[in-house]
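Q: dropping a prediction and its sequence here:
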Amino acid sequence: MSKSKSFVVDQKIVYPSQGVGVIKSIVNKKFKDSKIPYYIIYLEVTDMTIMVPVDKAVELGIRPTVSRDEANKALELISEDYDPIPTDWKMRYQMNLELLKKGSIRDIASIVRSLYHRSQVKELPILERKLYDSAMKLLEDEMSISLKKPKEDVQAMILARLDVE
């Protein structure tokens, strides 16, 4: 038996590396001799609709958006002390890319925190800058839903926490 989570129509979800989406419908598509259920997910950030087999959703890391409490914990994490990150940007990039693929809000918050502080020391290489921007966008989108606040307010809250030294 698979350990799949069931999502329902109109539920907000997070698709790691893609962003926050909403389950628009659940449809059965014929494949060979069987019908396979698919989630139809709309991703607002890219204005894209994707189909994901229901039994692959957990494997892909799709999860519900976090609670208000979890969003606040991620916000607290941003202003906490952290271990220095490697100075080799390629190693740093790989580590952060792996965290982004995992997709938990705490992982995304730690990427934002570490790359923000690194950027204060030295300008980030282009790939890392893109990774930082993606992580920041994912964090803002999910937190704005969880905290029920406009994205601009959430961004200001994140930046205020980052600037605490």
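A: Received it, and whenever you're ready, just let me know what you need.
Q: please parse the protein into its domains.
A: Following automatic domain parsing, the chain resolves into domains at 12-64, 68-162.
Q: between these, which gets nearest to S6?
A: Checking the domains of the chain against S6 by C-beta to C-beta gives domain 12-64 as the closest, at 7.8 Å. The C-beta positions use only the backbone N, C-alpha and C, and glycine is treated the same way.
Q: and D88, how close does it get to Y42?
A: 39 Å (C-beta to C-beta, to the nearest Å).
Q: neighbour count for these two, which is higher?
A: Taking neighbours as other C-beta atoms under 10 Å, D88 and Y42 compare with Y42 leading, 14 against 9.
Q: give the contact list for the more buried one.
A: By C-beta atoms under 8 Å, 6 or more residues apart in numbering, the contact set of Y42 is 21-22, 24, 48-49.
Q: next one: E80
A: E80 neighbours (C-beta under 8 Å, 6+ apart): R113.
Q: and for T65?
A: Here T65 is in contact with 12-14, 20, 142, 145-146 (C-beta under 8 Å, 6+ apart).
Q: closest one to D55 out of those, please.
A: For the contacts of T65, the nearest to D55 is I13 (15.5 Å; C-beta to C-beta).
Q: what pLDDT does the spatially closest residue to I105 that is not a sequence neighbour get?
A: Closest residue to I105 apart from its sequence neighbours, by C-beta to C-beta, 6 or more residues apart in numbering: A74 at 4.5 Å. A74 carries a pLDDT score of 95 in this model.
Q: so A74: helix, strand or coil?
A: helix (DSSP: H, G, I helix; E, B strand; the rest coil).
Q: then I13?
A: On the basis of three-state DSSP, I13 is classed as strand.
Q: mind listing what it touches?
A: 7, 20-23, 41, 62-65.
Q: distance of the residue sitting furthest away from the middle of the chain from M51?
A: Distance from the C-alpha centroid of the chain, by C-alpha atoms, centre = their mean, peaks at D33 (35.7 Å). Distance from D33 to M51, counting by C-beta to C-beta: 20 Å.
Q: likewise E80?
A: From E80 to M51 the distance is 39 Å (C-beta to C-beta).
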